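Asker: The following comprises the amino acid sequence and a computationally predicted model.
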Amino acid sequence: MSRWEELTGGASGEDYAARFEALAASGKDMHGEARLCAALVPPGARVLDAGCGTGRVMIRLAELGYDCVGADLDASMLAVARRQAPELPWIQADLATLSPDELPGGADFDLVVAAGNIFPLLATGTEPTVVARLTAALRPGGLLVAGFGLDAAHLPVPPTITLQEYDTYCTEAGLTLVNRFATWDADPYEGGGYAVSVHRAAA
């Protein structure tokens, strides 16, 4: 069982969506992840939103002209995503067993994005497997972008993965680090409890 399932029971989709709707209504910018992705690949690029949740990031990317697929294990989150954007492809899948055969169009994504603390909330021990699975979904030269908390202040659970460990998993999967930020607004990373990492697959 993933740490997300332990935390939520797999039934938090409506509550999660309501929380972000309230943040948006308060005037908070909700599109930093999509903006960073859009700065990395041009409109029309294929994007896999890995751990898409209720679809907030992917729906915005689709509005900006990207060819998107969303994958998540949590049926309650996907129910919200499908209600909000029924025209988009939402796939229920475990990222640790994700196969290109499950993905519309196969494994040639220009970018895979894992926002929302995906890696710290995986089932313990599956992190390197998930990196390898997401890398397998990329075209040669494609990008994996992942943002997650590194300390208790930035996570709903105790931290389980360090940047050094994550970079090691990426290297083992054939990825190279090309940039790292402290936020989805691309602030420089100088240490701290949250990081957004951009890795590139071999060309």
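Answerer: Great, that's in hand.
Asker: okay but Leu98 is in contact with Leu134, surely?
Answerer: Yes. Judged on C-beta atoms under 8 Å, Leu98 makes contact with Leu134 at a distance of 7.4 Å. Just so you know, the C-beta spots here come from the backbone N, C-alpha and C atoms, and that holds for glycine as well.
Asker: Give me the common contacts of those two.
Answerer: Ala50 (C-beta atoms under 8 Å, 6 or more residues apart in numbering).
Asker: More neighbours: those two, which one.
Answerer: Set side by side, Leu98 and Leu134 show more neighbours around Leu134, with 28 against 23, by other C-beta atoms under 10 Å.
Asker: which residues does that one contact?
Answerer: Counted by C-beta under 8 Å, 6+ apart, Leu134 has contacts Leu48, Ala50, Leu95, Leu98, Val112, Ala114, Leu144.
Asker: For the fifth one, pull up the helix or strand it's in.
Answerer: Meaning Val112. Assigned by DSSP states H and E, Val112 belongs to strand 109-114.
Asker: for that strand, what is the average pLDDT?
Answerer: Across strand 109-114, pLDDT averages out at 98.
Asker: and the helix or strand harbouring Val47, what does it pack onto?
Answerer: Element membership for Val47 (DSSP H and E) is strand 46-50. Packing partners of strand 46-50 (3 or more C-beta pairs under 8 Å, 6 or more residues apart in numbering; DSSP states H and E): helix 56-63, strand 67-72, strand 109-114.
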